[in-house]
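Undergrad: Quick check, what structure comes out for this input:
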Amino acid sequence: MHDQHVLITGGAGFIGSHLTERLLANGATVTVIDNLSNGREEWVPDDATLIERDLTDPNALEGVLTSDVDRVFHLAASKAVNSDRPRAQFEANTQMTYNVLETMQDVGVSELAYTSTSTVYGEAPRPTPEDYAPLEPISVYGASKLADEGLCSTYAHSHDLTVRTFRFANIVGSRLHGAVIPDFIEKLHENPDRLTILGNGRQEKSYMHIEDCLDAMLTVLERADGSLATYNLGTRTTTSVTRIADIVSEELDLAPDYEYTGGDRGWTGDVPKMRLSIEKLDALGWGPQYTSDTAVRKATRDLLAEGVAD
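TA: Purely as a prediction, here's the structure:
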């Protein structure tokens with residue numbers, strides 16, 4: 001990325017702001033476009049250019065995504081897996097992706113990195129490889145990301161774009177919000193003696209630290225071949241929700257009683273068990289530094305250090 005001009009949609013959010021920092025450190029010029037619904041202006045480094053716009057507007061990229069951009073990282077999305085406005089979420093995510101792809105074609109930018117999700121697989125056998133089929137998401141969020149992948153595939157095969165699609169496990173680290181680790185931290189700050197856990201606590205998934213996530217993304221961009229390549233980003237290990245509660249409690253030096261809401265999933269659309277195959281990523285010569293447990297513990301420390309729930 002050295003000396004490249006990159007555009008990051010959603011670059012003020014959790015993953016996007018970390019990516020912005022990494023690319024700036026690598027010598028890139030970074031423009032961030034974000035409506036700040038999920039992100040924060042203070043998370044965007046001063047060396048980046050922040051433009052506040054809503055990408056569902058077909059004209060949002062006018063004057064921003066121009067021919068001098070070398071690569072687009074498309075992270076902007078409505079991310080709630082259990083959204084109370086599912087139609088609006090589906091329409092927003094597909095509109096944003098279509099607008100990005102159409103503008104890239106219009107101005108002649110051909111390199112796209114698209115961030116997808118493990119939820120496109122639905123409740124699939126584990127570990128789940130990239131070529132698993134049929135893809136049957138069980139949430140509107142997963143369905144919208146699968147639709148976006150279809151749009152990216154169309155533009156890669158029929159409009160000469162080069163697309164790298166990343167299917168994320170649960171990415172954790174500083175600035176994370178709206179997820180289980182910061183939720184537990186906030187609950188335990190409010191009541192150190194009791195912690196309510198959604199579901200039965202036996203939900204078990206892969207957790208990948210943001211540092212590993214960024215390393216993996218840049219490795220794929222450097223080494224993958226072809227006009228369209230899709231890679232799982234995760235770990236070989238999993239962590240249960242109860243184990244996350246244990247880790248957060250240990251880091252806070254607490255021993256709360258656990259109270260479970262019951263059921264095998266925490267909310268409608270929740271995939272209770274998830275572990276992605278990372279053999280394809282491994283074939284590029286890269287593997288994660290942190291296990292799921294160590295990623296959760298490091299993320300907990302990261303969040304406590306930045307004052308979550310203070």
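Undergrad: Quick check, pLDDT for the nearest residue to residue 273 once chain neighbours are set aside.
TA: Closest residue to residue 273 apart from its sequence neighbours, by CB to CB, 6 or more residues apart in numbering: residue 204 at 5.4 Å. For every residue, glycine as well, the C-beta is placed using N, CA and C. What the model reports as pLDDT for residue 204 is 97.
Undergrad: and residue 204, what does it touch?
TA: Contact analysis of residue 204 by CB atoms under 8 Å, 6 or more residues apart in numbering lists 238-241, 272-275.
Undergrad: Do a quick rundown of the strands in the stretch 1-150 of the chain.
TA: For the stretch 1-150 of the chain, the strands defined by DSSP state E, counting those that start in this stretch cover 5-9, 29-34, 49-52, 71-74, 111-117.
Undergrad: still on that earlier bit, between the contacts of residue 204, which sits nearest residue 163?
TA: residue 274 (23.6 Å; CB to CB).
Undergrad: Would you agree that closest one is in contact with residue 126?
TA: Yes. Assessed by CB atoms under 8 Å, residue 274 is found in contact with residue 126 at 7.0 Å.
Undergrad: Show me which of these two is the more surrounded one.
TA: More neighbours surround residue 274 than the other of residue 274 and residue 126, with 23 against 15 (other CB atoms under 10 Å).
Undergrad: which residues does that one bridge with?
TA: Note on residue 274: beta-bridge partners by DSSP bridges are residue 205.
Undergrad: For residue 119, see how far away it is.
TA: 8 Å (CB to CB, to the nearest Å).
Undergrad: just residue 158 next, same as before
TA: With distances taken as CB to CB, residue 158 is found 26 Å from residue 119.
Undergrad: between these two, who's got more neighbours?
TA: Neighbours were counted for residue 158 and for residue 119 using other CB under 10 Å; residue 119 has more, 24 against 9.
Undergrad: Tell me who's in contact with the closest residue to the more buried one other than its chain neighbours.
TA: Leaving aside its sequence neighbours, residue 119 sits nearest to residue 142 (CB to CB, 6+ apart; 3.4 Å). With contact taken as CB under 8 Å, 6+ apart, residue 142 is in contact with 81, 117, 119-120, 122, 269.
Undergrad: For residue 2, which non-adjacent residue is spatially closest?
TA: Among residues not flanking residue 2 along the chain, residue 27 sits closest, at 3.8 Å (CB to CB, 6+ apart).
Undergrad: For the one you found, grab the count of nearby residues.
TA: Residue 27, neighbours per other CB under 10 Å, totals 10.
Undergrad: Kindly report the same for residue 16.
TA: Using other CB under 10 Å, residue 16 has 26 other residues around it.
Undergrad: so it touches residue 31, yeah?
TA: No. With contacts counted by CB under 8 Å, residue 16 stays clear of residue 31, the gap being 11.8 Å.
Undergrad: tell me, what's touching the two both at once?
TA: Contact criterion CB under 8 Å, 6+ apart; residues shared by residue 16 and residue 31: residue 8.
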